[in-house]
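Visitor: test case, fold it:
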Amino acid sequence: MGGNGDGDDRTADAAGTDDTVEAVVDVVADTAADVRGALAERRSYEAAENPSGDRQLAADVYADRLLEERLLGVEGVAGYASEEREGVVTADGDGGGSGGVYVACDPLDGSSNLRSNNGMGTIVGVYDDSLPAGGDALLAAGYVLYGPITTMVWTGGETVTEYLLEDGDREVLTEDVTLPAEPTVYGFGGRAPDWPADFAAFVEAVEADRLKLRYGGAMVADVNQVLTYGGLFGYPMLTDAPEGKLRLQFEGHPMAAVLEAAGGASSDGGESLLAKTPAELHERSPVFVGSEGLVGRLEAALS
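Guide: Got it, this is the predicted structure:
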């Protein structure tokens, strides 16, 4: 991430070293209650698709509009972008590069799980550069998980904190969250027949290690299992889509920041996701995050 927590002015954490980032954390926590409360009434599909071609649920649109309105109301937030809209919305409305931080969101990651009533979440990255921006411009990142309880996991760069969210309030559940030393779970997206041969062979090796398969189709929920139990999550390159499915700016960067700060690693199959800069806002990338040893084995298998 952009700073080291030792006075670097690009570093921010949830404890308040940067007022703007702290205010963003508060808005995300406050908004989580409203998003969760609206899910039951917004399970129907809209007529429109998002810029990536995914069908939008009413809940996607609702969460996006809430976050846009509230985050752009934070002093010091210059712009907002999300997976659900084509471009960047700026606070001054002129589309220019006014000073301040830029927030990139996946407002409702895994919203297709709403129909089957499985887990989903909100992913947030705070950048000190206009979007699209590289992983080295990240100031802070995190996600909200709408599971049996609502939790938020957040990093300012060096440590990761897990919060319980209730009625807009956040209570620290775990300080300095770290990945367990021994990996336990794995989950990979895409259809197995579409996996390249070298990746399919790597998956067989992981299965031979007798890790447990945990994949539910919502990145937030699946990554949170990896963070809790150790292991590896990935949405790989596919034979007909070498860029994979997930968006680097909205999903790859923030999750890479969280897992790397927790002692893990991230990769696109060859390098850290945080070393990459998308050429355009909705650029896709293979995404792997998890235990450092497994990410190293993955990169060796794909080299």
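
Visitor: relative to Leu259, how far out is the most far-flung residue of the chain relative to its centre?
Guide: Here the centre of the chain is the reference, and by CA atoms, centre = their mean the most remote residue is Ala208, at 28.7 Å. Distance, Ala208 to Leu259, using CB to CB, to the nearest Å: 24 Å. Just so you know, the C-beta spots here come from the backbone N, C-alpha and C atoms, and that holds for glycine as well.

Visitor: what of Leu273?
Guide: Remark: distance between Leu273 and Leu259 (CB to CB) = 9 Å.

Visitor: which neighbours do these two share?
Guide: Shared contacts of Leu273 and Leu259, defined by CB atoms under 8 Å, 6 or more residues apart in numbering, are found at Ser266, Val289.

Visitor: and Val289, how far from Gly231?
Guide: 10 Å.

Visitor: doesn't Arg85 lie inside a strand?
Guide: No: judged by DSSP: H, G, I helix; E, B strand; the rest coil, Arg85 forms no part of a strand; its state is coil.

Visitor: okay, now it: neighbour count?
Guide: If you count neighbours by other CB atoms under 10 Å, Arg85 ends up with 19.

Visitor: ramachandran angles for the closest residue to it other than its chain neighbours?
Guide: In space, and not counting its chain neighbours, Arg85 is closest to Asp64: 6.6 Å by CB to CB, 6 or more residues apart in numbering. Dihedral angles of Asp64 (phi, psi; degrees, to the nearest 10) stand at phi -60, psi -50.

Visitor: if I look at Asp64, how far off is Val88?
Guide: 13 Å.

Visitor: same question for Met255.
Guide: From Met255 to Val88 the distance is 21 Å (CB to CB).

Visitor: ok, Ala140 next?
Guide: Taking CB to CB, one finds Ala140 at 18 Å from Val88.

Visitor: more neighbours: the two, which one.
Guide: Higher neighbour count among Ala140 and Val88: Ala140, with 33 against 19, using other CB under 10 Å.

Visitor: mind checking pLDDT for that one?
Guide: pLDDT, Ala140: 97.

Visitor: what are the ranges of the helices in the stretch 1-150 of the chain?
Guide: Counting by DSSP state H, counting those that start in this stretch, the stretch 1-150 of the chain has helices at residues 19-38, 58-72, 113-116.

Visitor: could you do the stretch 151-300 of the chain as well?
Guide: Using DSSP H, counting those that start in this stretch, the helices of the stretch 151-300 of the chain run over 197-208, 219-229, 253-261, 292-302.

Visitor: I'd like the average pLDDT over the second one.
Guide: Throughout helix 219-229, pLDDT has a mean value of 97.

Visitor: using CSV, write out every CA atom in that helix.
Guide: Only the C-alpha atoms of helix 219-229 are listed here, as CSV (Å, rounded to 0.1, in the frame of the first residue of the first chain):
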residue,chain,number,x,y,z
MET,A,219,-15.8,-12.9,-3.0
VAL,A,220,-16.3,-11.2,0.3
ALA,A,221,-17.7,-14.3,2.0
ASP,A,222,-15.1,-16.6,0.4
VAL,A,223,-12.1,-14.4,1.2
ASN,A,224,-13.3,-14.0,4.8
GLN,A,225,-13.2,-17.8,5.2
VAL,A,226,-9.6,-17.7,3.9
LEU,A,227,-8.7,-14.9,6.3
THR,A,228,-10.3,-16.8,9.2
TYR,A,229,-9.0,-20.3,8.5
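
Visitor: quick check: angle from it to helix 253-261?
Guide: 0 degrees (axes from the mean of the first three to the mean of the last three CA atoms, to 10 degrees).

Visitor: let's have the helices of the stretch 151-300 of the chain in TSV, adding distance to Val101.
Guide: TSV is the format used below for the helices of the stretch 151-300 of the chain (distance: least, CB to CB, whole Å):
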stretch	distance to Val101
helix 197-208	36
helix 219-229	22
helix 253-261	14
helix 292-302	28
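
Visitor: much appreciated, bye for now.
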